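Engineer: Pasting a predicted model and its sequence here:
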Amino acid sequence: MHLLRSLPVVAAIALLTACDLNTEPNIPDAIDPAQDTYAASLGVNIGTMTKTTSGLYYKDKTVGSGSAAARGDSVRVHYTLWLTNGTKVQSSKDGSAIPFEFLTGATPIRVIPGFEEGVIGGTIGMQPGGVRQLVIPTLLAWGPIGNSIPGFPAVPPNANVVFEVEYLARLSSAQ
């Protein structure tokens, strides 16, 4: 009789043990950009890109001329953002084609760290007329949280991202 009263308790424990009660989101692990897979349409050849000490990869598709972008400059760029699977997330060239302007080195920062580094970093900062491809690792992008804020690019957690940046002008200089 005592055993019959215990049977429902044992069954309930067995059922709960079999259920996944984890409320944590299923966040994928970060992938080293050199080990990631890129859609052919992106034209990413990570082996031909320059890697910075922070882990950003970049390649100048077109080298501009004139004063290079530097920390403290206010700059104007066009950009297109893709996920590594080739999904276009956002572009300043879509719709009204309004270029993006931001102050480099601003506190608080207005752009993800990898984007800013891609514009002002490398062997030399971008120059007017230059076009640069960036592969930004997750820790220099949106990290393990990703970005699902309305009005901003939808980027999954721990995603590496690809940008094409066209440097239009330096609006003002810190120098």
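Structural biologist: Alright, I've got the coordinates. Residues are numbered from 1 along each chain as shown.
Engineer: Which strand residues bridge the nearest residue to residue 51 once chain neighbours are set aside?
Structural biologist: Take residue 51 and drop its neighbours on the chain: the residue closest to it by C-beta to C-beta, 6 or more residues apart in numbering is residue 57, 5.3 Å away. C-beta here means a position set from N, CA and C on the backbone, and glycine is covered the same way. Here residue 57 sits in beta bridges with residue 51, residue 135, going by DSSP bridges.
Engineer: Residue 57 touches residue 48, doesn't it?
Structural biologist: No - counting by C-beta atoms under 8 Å, residue 57 sits too far from residue 48 to count as a contact (9.6 Å).
Engineer: In terms of neighbours, single out the busier of the two.
Structural biologist: Using other C-beta atoms under 10 Å as the criterion, residue 57 and residue 48 rank with residue 57 on top: 23 against 8.
Engineer: hey, which helix or strand in the chain has the poorest pLDDT?
Structural biologist: Every helix and strand of the chain was ranked by mean pLDDT, DSSP states H and E. The lowest is helix 2-18, at a mean of 45.
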